[in-house]
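*Asks:* How does the following fold in three dimensions:
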Amino acid sequence: MSTKTNTGLVAYCEAQLGNPYWWGTFGQIATPVLLADKAMQYPERYSAARQATAKAKHMGKRAHDCNGLVKGYRWR
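*Replies:* Numbering: from 1, shown residues only. Predicted coordinates for the structure are as follows:
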């Protein structure tokens, strides 16, 4: 198992700058299927306008929420 460090976490977080914030995600690649799953799971967080923005601007990028940013580092 690889060792995770505080500096490694900072580097991971910096590498994610500019990527989208999607509620309930932890570093998955944004796809239409993931968006549909999250919209079903958290309908109050994924309005029609938010989904339209995600479809237009976020596909193919890594998506995280705040806690998922740390999980994404830990699980990679």
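*Asks:* So, low pLDDT: which residues of this protein?
*Replies:* The model of the chain has pLDDT under 70 over residues 1.
*Asks:* Tell me where it has strands.
*Replies:* Here the chain has its strands, by DSSP state E, at 26-29, 62-64.
*Asks:* and of those strands, who's closest to residue 35?
*Replies:* Nearest of these to residue 35, taken as C-beta to C-beta: strand 62-64 at 8.8 Å. (C-beta placed from N, C-alpha, C; glycine too.)
*Asks:* Next one: the nearest residue to residue 35 once chain neighbours are set aside from residue 25, what distance?
*Replies:* What sits nearest to residue 35 in space, not counting adjacent residues and going by C-beta to C-beta, 6 or more residues apart in numbering, is residue 54, at 5.4 Å. To residue 25, residue 54 is 11 Å away according to C-beta to C-beta, to the nearest Å.
*Asks:* same question, residue 41
*Replies:* Separation of residue 41 from residue 25 (C-beta to C-beta): 10 Å.
*Asks:* These two: which is more packed in?
*Replies:* Between residue 41 and residue 25, counted using other C-beta atoms under 10 Å, residue 25 has the larger neighbour count: 23 against 11.
*Asks:* who's in contact with the more buried one?
*Replies:* 34, 38, 63, 64, 65, 68 (C-beta atoms under 8 Å, 6 or more residues apart in numbering).
*Asks:* so who does the last one touch?
*Replies:* For residue 68, the contacting residues are 24, 25, 26, 27, taking C-beta under 8 Å, 6+ apart as the criterion.
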